[in-house]
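Colleague: What follows is a predicted structure for the sequence shown.
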Amino acid sequence: MPDFLVISAELAWPCAILLAWLCGEFVHRWFGVPRISVYGLVGFLLAQSFPALLATDGSSTVALLANLAFGLILFEFGYRINLHWLRINPWIAVSGVAESAATFGVVYAIALAFGMPPMTSLLLASLAMSSSPAGVLRVINEEGSSGQVTERVLHLVAINCVLAVFAFKVIVGVWVFQTSGSLPQAASRSLIELLASAAMGAVFGFAVPAVLRQLGNLARDGTVAFALGVLLLVAIAHATELSPVLATLTFGLMARHRRVAFSRTERNFGGIGELLTVLLFVFAVSTLSWERVTAGAGLALLLLLARFVVKTLCVMAFARAGGITWRKGTLTGIALAPMSVFVILLLEQARYLGIVLVDELAALAGMTLFMELIGPIITQRALIWASESPDKEEH
């Protein structure tokens, strides 16, 4: 019997990934639902049914692969960001900062009103600022969408993620050093960490294209070289307690502006990238428990509704100034719904520092699960309603 249990544990994650992939393919084909929503649902149900078999910790192979998968997505996400466009149309950046700040303020106020401690409310508000680059990019690639709404969503997600990482690190810094530290001290330390993370990503973004040009095989070797670069960058960021989120995002951004092009067939980093994506979305919800989800479900729904309304209204308010219609501005705000994977991996990174925040944020578990399942569907609908998906026929 012990041997059987060992074999079962070794097969648990491969079987979970296979089942999630099969369900995602069939449900997407039959109903048009984004695959990642199905991956999340299957992962959550399996984690509740077999909690011992799918249990992981921060140093497990599965967790490391999930962080690699997220790094690959963030690299590709950064590769899609055009800084020149932001300089030409600064209202996009203004709307990103405005919707992030407004979301932070509203979520913080609601959490305090429901009796949550100030520090917990601040953490919840910082995480609610963000949208999930993994969820948004995956839906965009799956739909093959392009256009004004698509590009604005990508840039707004990049802005609110950077702001969320900074706010989260500042608040965690205050949490850690609250006995002897201060807000200015925590803010300065977090700013230094983020600048160091961005600098490290920029170095990789300069070095890897330079090596590829020396080899003379940009088209053939580019995807593998960038994947290896992301792997090394994520490992260094974790070892030095820097931000792998900002490092890989900057890596992709720098690679784009070094004029290194991916072939269209290697979007999502090919078959290996697709496999890691399934693992990532299954892993993200395997860290949640049904008890935490139900305990925070009521507040989670209220916070999600407030977050959704605030982001949509803020982006819509700057739509005309930014050169698009009210309708497209509204759809852009709606498409910012996903948040789950980004939140989970930020919490996992905090756990590396010995800070376990999931138990403190029961409402966050509910928000994460709801957005894992319905966030990608909302983004998909927004892109279809904006007529930016080649398949505009309602699924």
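Modeller: Now that the structure is in, tell me what you want to look at. Numbers count the residues shown, from 1 in each chain.
Colleague: how about residue 115, secondary structure?
Modeller: The three-state label given to residue 115 by DSSP: H, G, I helix; E, B strand; the rest coil is coil.
Colleague: Ok, residue 145 next?
Modeller: Judged by three-state DSSP, the three-state class of residue 145 is coil.
Colleague: Now do the phi/psi pair for it.
Modeller: The phi/psi pair for residue 145 (degrees, to the nearest 10) reads phi -80, psi 150.
Colleague: Quick check: it vs residue 389, distance?
Modeller: Distance of residue 145 to residue 389, computed by C-beta to C-beta, to the nearest Å: 5 Å. No exception for glycine: its C-beta is placed from N, CA and C like everyone else's.
Colleague: who's more crowded, those two?
Modeller: Between residue 145 and residue 389, counted using other C-beta atoms under 10 Å, residue 145 has the larger neighbour count: 25 against 22.
Colleague: That one and residue 335, how far apart?
Modeller: When distance is defined by C-beta to C-beta, residue 145 is 10 Å away from residue 335.
Colleague: can you check residue 24 too?
Modeller: Distance, residue 24 to residue 335, using C-beta to C-beta: 21 Å.
Colleague: same thing with residue 240?
Modeller: Taking C-beta to C-beta as the measure, residue 240 falls 34 Å from residue 335.
Colleague: of these two, who's got more company?
Modeller: Set residue 240 next to residue 335 and count neighbours by other C-beta under 10 Å: residue 335 wins out with 33 against 13.
Colleague: For the stretch 201-350 of the chain, give me the ranges with low pLDDT.
Modeller: Counting by pLDDT under 70, the ranges of the stretch 201-350 of the chain that qualify are 216-222, 258-268, 348-350.
Colleague: what number of residues lie near the nearest residue to residue 193 once chain neighbours are set aside?
Modeller: Spatially, and ignoring its direct neighbours in sequence, residue 193 is nearest to residue 242 (5.7 Å; C-beta to C-beta, 6 or more residues apart in numbering). Residues within reach of residue 242, counting by other C-beta under 10 Å, total 23.
Colleague: Tell me who's in contact with residue 242.
Modeller: Residues in contact with residue 242 (C-beta atoms under 8 Å, 6 or more residues apart in numbering) are 193, 196-197, 200, 236.
Colleague: Now the buried members of those.
Modeller: Among those, those classed as buried by 16 or more other C-beta atoms under 10 Å are 193, 196-197, 200.
Colleague: Which ones among those map onto helices?
Modeller: 193, 196-197, 200 (DSSP state H).
Colleague: And the residues you listed, which is closest to residue 317?
Modeller: residue 197 (31.4 Å; C-beta to C-beta).
Colleague: tell me the pLDDT at that closest one?
Modeller: Here the pLDDT value assigned to residue 197 is 89.
Colleague: residue contacts, it?
Modeller: When contacts are counted by C-beta under 8 Å, 6+ apart, residue 197 touches 237, 242-247, 250.
Colleague: For residue 207, grab the count of nearby residues.
Modeller: Neighbour count for residue 207, taken as other C-beta under 10 Å: 14.
Colleague: Now do the SS call for it.
Modeller: helix.
Colleague: For residue 111, which residues are in contact?
Modeller: Per C-beta under 8 Å, 6+ apart, neighbours of residue 111: 120-121, 124-125, 299, 303, 363.
Colleague: Any buried residues in the helix or strand residue 21 falls within, and which?
Modeller: Residue 21 belongs to helix 2-31 when assigned by DSSP states H and E. Buried positions in helix 2-31, judged by neighbour count with 16+ other C-beta under 10 Å: 12-13, 16-17, 19-21, 23-24, 27-28.
Colleague: which helices and strands does it pack with?
Modeller: Helix 2-31 sits against helix 35-49, helix 270-286, with contacts defined as 3 or more C-beta pairs under 8 Å, 6 or more residues apart in numbering; DSSP states H and E.
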